[in-house]
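Participant: Provided below are the primary sequence and the corresponding predicted coordinates.
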There are 2 protein chains.
Amino acid sequence: MTNKLPRVVIIGAGFGGLWAARALSGAPVEVILIDQHNYHLFQPLLYQVATAGLAPEDIVYPVRTILRRQANVKFKMAEVTEADLALRRLITTAGIIDYDYLIVATGGVTNFFGMESVAKHGFGLKNIDDVLAVRNHILRLFELAAQEEDPAVRRALLTFIVVGGGPTGVESAGALAELVYLVMPKDYPDLDYDEARIILMEASNRLLAGLPVELGVVTAETLARKRVEVRFGNPVADFDGETVTLKDGETIQAHTLIWAAGIRAARLADKLGVKQAGMGRLVVKPTLQLPKHPEVMVIGDAAYLESESEPLPMVAPVATQQARTAADNIRRLIGGQAPQEFVYKNPGVLATIGRNAAVAHIGKWQFKGFIAWVLWLVIHIVRLIGFRNRITVLINWAWDYFFYERAVRVIMLRPAKKLNKES
Amino acid sequence: MTNKLPRVVIIGAGFGGLWAARALSGAPVEVILIDQHNYHLFQPLLYQVATAGLAPEDIVYPVRTILRRQANVKFKMAEVTEADLALRRLITTAGIIDYDYLIVATGGVTNFFGMESVAKHGFGLKNIDDVLAVRNHILRLFELAAQEEDPAVRRALLTFIVVGGGPTGVESAGALAELVYLVMPKDYPDLDYDEARIILMEASNRLLAGLPVELGVVTAETLARKRVEVRFGNPVADFDGETVTLKDGETIQAHTLIWAAGIRAARLADKLGVKQAGMGRLVVKPTLQLPKHPEVMVIGDAAYLESESEPLPMVAPVATQQARTAADNIRRLIGGQAPQEFVYKNPGVLATIGRNAAVAHIGKWQFKGFIAWVLWLVIHIVRLIGFRNRITVLINWAWDYFFYERAVRVIMLRPAKKLNKES
């Protein structure tokens, strides 16, 4: 590879990988971006697919289309099965790919903390498969409840547990409450909605731990008004599909458990033979380089870096900002300059709780209620990729807001991989 | 069931079943509508999901929402496994359902004419699972072709066979040609599109046999301009996933075969112990009643009835018109009057061939080209159920038309049924 441009391989087309590829536009490199899917997924709106507010196609965009006009990047849809950092070589389902520089942006997966039964019977919210399974499940439970004569069984069918009091759990619980109490009664008018329960469980003693305490309190109050029960301090210990068991032994009859209580680094991180820290994340230097492999950078959910003695959170702005620093550092390394340390600029935290209600903490300002909600809508629309997607999402949101309608309340179990065809 | 209202059970929420339920609005009956899915599917646009122009959620609508304001109808999501016409009883996955009157509107399924290998390796276009499998398959082939070094293999990967020269086959071939030649080159600019082939195979000697000969000729010419090869008179005999074998022994290397060459009645028709005719359809009297069971009516694709010595075609207008007659006849039977015979009013045939091009035969008039195409667009938008769906479909079509973009070019293999959860 001496007389050719240096090759930068990026694993993952999420916020980290995609932003890194774009930040290398015009750089004197050949970029290969690899992802197991052919689309970029806008994860912040996954919970809306789970609660039948959006279709999966509304929050994804083909990677090739996004990168179409960038001359120095190629996309390969492939899964990386092994990485040999000594040889600078990746083994993938599309063959062997060698690199001069590597950016690991493999993201995160749901962390069930080793609780296998919860992993088997519960639902994550981290990818399209997860959220379609949730949507199908919830809609099917309503059909079953509509035909169920035994009130105890009905109550269990209509009891939904969301685990995790961070933004994802809060947003999911709020959206679920609106689906169950505002939308479903129009199609299932004969059900007794006093039999339904939505419970948000948080192991600590406050919601939205990354925000000021008062916003967490406002959030809990708003959820209560939307008929979500919020429970603190009693972690989930087990779930078998019909019964949730808490740490102190209490049980709740519920057929749905949505796990929004932890993310860990995607599994490739375990295979690199490199030091990992909390949540399986790969420890990097402040320049985002692996300590023993200066040509390898790790960004986003897969990376462990501390800022002011606290590990950086596993959120999108960290990934996109690290992506730009990693890309810039690769340009510096190629030019013979020293790489720079990453400095995180926290753009604030936004969490929506449902119609007309959200909380936001940006710099020194706190927002809540309607104005925070509008802010949330605008920011998410702007950050969504794809003009057609923005329009479709806006229409779906308008429909829901004005008509209390979520038109994607359809149950579709889509085909599994067919082994006899190219899959 | 003597002092209660008579119960009408309708199996199927397609064009036939749904229109029958609506036509019984206000009638002195209790209606139960059963379907294995919780949504009504707008089948005429299925091929657009197959060619990545629309998302599945754009062409379905929850049945409960459609029937929300009709007081005398209930919906049950269930599959009918057995029907006992003597006892007037259905065995379903949601329990036993007795009826006073029954409308069988179970529709049609792809007919592979007993060719098991074709059924296994080929694709139908009759439901959401089918068309998502087609979409995923086509997109994945492009990814494989982009990485394939052997030109012979590439050509096989990029050769697509559509079987059937009726409206479905013509529309699919036209849409596929636009996807392959107008849209995909923007994301796969390095492929040589001279290596791609789209072949529409029709066993007879003309396309669109239900239309005047000259429109069939215009259609073939338009398809040729869109780079679709049209071949007559050499039926497909076998397909193993990589090679298509024709009746005369000729073989074509192709990895995709889309079967639009036949529909037969859905399998429940085989289980009723009643006389069946061509395509497994149940023979009915002109009043749509089963000859030996006057309280049972069959409509739509599942029914066999001749008009002017020709079997009625298996198309949507037949189903919706028969639905109204069947509903009306049930009202008459309840009121002690004689049922009326069904008279089909052919509203004409429309088939689109792609952008700016369609053919139409309505009454004595023939249309072709741009004006027929606009007619096709308008009629399909109007007939689509759901205002949100109409807007979303319009946006997708506008995007495709003006920008040659189909934003749903994403590959998603959705989860199969999970047996440990309610499925």
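Facilitator: Yes, it's here. On a predicted model such as this, the values are computed, not experimentally measured, just so you know.

Participant: if you average pLDDT over stretch A:136-143, what comes out?
Facilitator: For stretch A:136-143, the mean pLDDT works out to 93.

Participant: Quickly check: it near chain B or not.
Facilitator: Yes - against chain B, stretch A:136-143 shows contacts by CB under 8 Å from any CB of the partner chain at A:136-137, A:139-141, A:143. In short, each C-beta sits where N, CA and C put it, glycine included.

Participant: Just the buried residues of stretch A:210-217, please?
Facilitator: A:211, A:215-216 (16 or more other CB atoms under 10 Å in any protein chain shown).

Participant: Point me to the residue of the stretch 251-400 of chain A nearest chain B.
Facilitator: A:Arg388 (4.6 Å; CB to the nearest CB).

Participant: Go ahead and confirm that residue touches B:Val408.
Facilitator: No - the criterion here is CB atoms under 8 Å, and A:Arg388 misses it with B:Val408 at 9.1 Å.

Participant: any shared contact partners between the two?
Facilitator: Residues touching both A:Arg388 and B:Val408 (CB atoms under 8 Å, 6 or more residues apart in numbering or on different chains): B:Asn396.

Participant: Pick out whichever of those two has more residues nearby.
Facilitator: Taking neighbours as other CB atoms under 10 Å in any protein chain shown, A:Arg388 and B:Val408 compare with B:Val408 leading, 29 against 21.

Participant: Quick check: A:Leu5 touching A:Pro28?
Facilitator: Yes - with contact defined as CB under 8 Å, A:Leu5 and A:Pro28 form a contacting pair (5.9 Å).

Participant: can you tell me how far A:Pro313 sits from A:Thr110?
Facilitator: Here A:Pro313 is placed at a distance of 16 Å from A:Thr110 (CB to CB, to the nearest Å).

Participant: quick one: which of these two has more around it?
Facilitator: Using other CB under 10 Å as the criterion, A:Pro313 and A:Thr110 rank with A:Thr110 on top: 19 against 16.

Participant: residue contacts, the nearest residue in space to the more buried one that is not next to it in sequence?
Facilitator: Leaving aside its sequence neighbours, A:Thr110 sits nearest to A:Gly124 (CB to CB, 6 or more residues apart in numbering or on different chains; 3.3 Å). A:Gly124 makes contact with A:109-110, A:130, A:259, according to CB under 8 Å, 6+ apart.

Participant: filter those to the buried ones?
Facilitator: Here, 16+ other CB under 10 Å leaves A:109-110, A:130, A:259 buried among the contacts of A:Gly124.

Participant: wait, A:Asn111 sits on A:Met279?
Facilitator: Yes - with contact defined as CB under 8 Å, A:Asn111 counts as touching A:Met279 (6.4 Å).

Participant: Need the residues touching each of these two.
Facilitator: A:262-264.

Participant: what's the burial count for the residue of the stretch 151-300 of chain A found nearest chain B?
Facilitator: As assessed by CB to the nearest CB, chain B sits closest to A:Asp187 within the stretch 151-300 of chain A, at 3.8 Å. Neighbour count of A:Asp187, defined by other CB under 10 Å: 21.

Participant: now A:Lys226
Facilitator: Neighbours of A:Lys226 (other CB under 10 Å): 21.

Participant: Do you know the pLDDT at it?
Facilitator: On the pLDDT scale, A:Lys226 is placed at 95.

Participant: can you check the one 3 residues further on too?
Facilitator: According to the prediction, A:Glu229 has pLDDT 97.

Participant: Pairing partners for it in the sheet, please.
Facilitator: With DSSP bridges as the criterion, A:Glu229 is bridged to A:Ile199.

Participant: residues in contact with it?
Facilitator: Taking CB under 8 Å, 6+ apart, one finds A:197-200 in contact with A:Glu229.

Participant: Scan those and report the most crowded one.
Facilitator: A:Leu200 (29 neighbours).

Participant: Could you say which helix or strand holds the residue nearest to that one when sequence neighbours are not counted?
Facilitator: What sits nearest to A:Leu200 in space, not counting adjacent residues and going by CB to CB, 6+ apart, is A:Ala173, at 4.2 Å. According to DSSP states H and E, A:Ala173 maps onto helix A:167-178.

Participant: now A:Tyr304, which residues is it bridged with?
Facilitator: If you apply DSSP bridges, the partners that A:Tyr304 bridges to are A:Val283.

Participant: actually A:Arg264, sorry about that
Facilitator: According to DSSP bridges, beta-bridge pairing links A:Arg264 with A:Val109.

Participant: That one - how many residues pack around it?
Facilitator: Using other CB under 10 Å, A:Arg264 is surrounded by 21 other residues.

Participant: can I assume it is in contact with A:Gly108?
Facilitator: Yes - using CB under 8 Å, A:Arg264 is in contact with A:Gly108, at 6.3 Å.

Participant: where does A:Ala83 land on pLDDT?
Facilitator: 95.

Participant: Provide the secondary structure category for it.
Facilitator: strand (DSSP: H, G, I helix; E, B strand; the rest coil).

Participant: Is any residue of the strand or helix carrying A:Ala20 near chain B?
Facilitator: Here A:Ala20 sits within helix A:15-23, counting by DSSP H and E. No - under the criterion of CB under 8 Å from any CB, helix A:15-23 makes no contact with chain B; the nearest approach is 14.5 Å.

Participant: quick one: contacts of that helix?
Facilitator: A:10-11, A:13, A:31, A:33, A:35, A:40, A:43, A:63, A:66-67, A:70, A:73, A:103, A:105, A:107, A:299-302, A:316, A:319-320, A:322-324, A:326-328.

Participant: now could you export just the CA positions of it as CSV?
Facilitator: Extracted in CSV, the C-alpha atoms of helix A:15-23 (Å, rounded to 0.1, in the frame of the first residue of the first chain):
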residue,chain,number,x,y,z
PHE,A,15,-23.7,8.3,14.3
GLY,A,16,-20.0,7.7,14.9
GLY,A,17,-19.0,5.9,11.8
LEU,A,18,-21.1,7.9,9.4
TRP,A,19,-19.9,11.3,10.8
ALA,A,20,-16.3,10.1,10.7
ALA,A,21,-16.7,9.1,7.0
ARG,A,22,-18.2,12.5,6.2
ALA,A,23,-15.5,14.3,8.1
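
Participant: ok, back up a step: contacts only, for the residue nearest to A:Leu200.
Facilitator: A:162, A:198, A:200, A:223, A:228.

Participant: what's the most distant pair in those residues?
Facilitator: A:Val162 and A:Leu223 (10.1 Å; CB to CB).

Participant: what is in contact with these two at once?
Facilitator: Common neighbours of A:Val162 and A:Leu223 (criterion: CB under 8 Å, 6+ apart): A:173, A:200.

Participant: can you list contacts of stretch A:331-342?
Facilitator: A:6, A:24, A:27-29, A:101, A:286-289, A:294-295, A:305, A:321-322, A:325, A:328-329.

Participant: Check which residues of that stretch are buried.
Facilitator: Those would be A:331, A:333-334, A:339, A:342, for stretch A:331-342 by 16+ other CB under 10 Å.

Participant: which one among the residues you listed gets closest to A:Leu207?
Facilitator: Nearest to A:Leu207 among the buried residues of stretch A:331-342, with distances taken as CB to CB, is A:Phe342, at 29.0 Å.

Participant: and the closest one, which of the three is it?
Facilitator: Per three-state DSSP, A:Phe342 ends up coil.

Participant: per-residue confidence for it?
Facilitator: A:Phe342 is given a pLDDT of 97.

Participant: Then A:Lys418?
Facilitator: For A:Lys418, the pLDDT comes out at 32.

Participant: With A:Ala372 instead?
Facilitator: So A:Ala372 comes in at 88 (pLDDT).

Participant: Right, I'll call it a day here.
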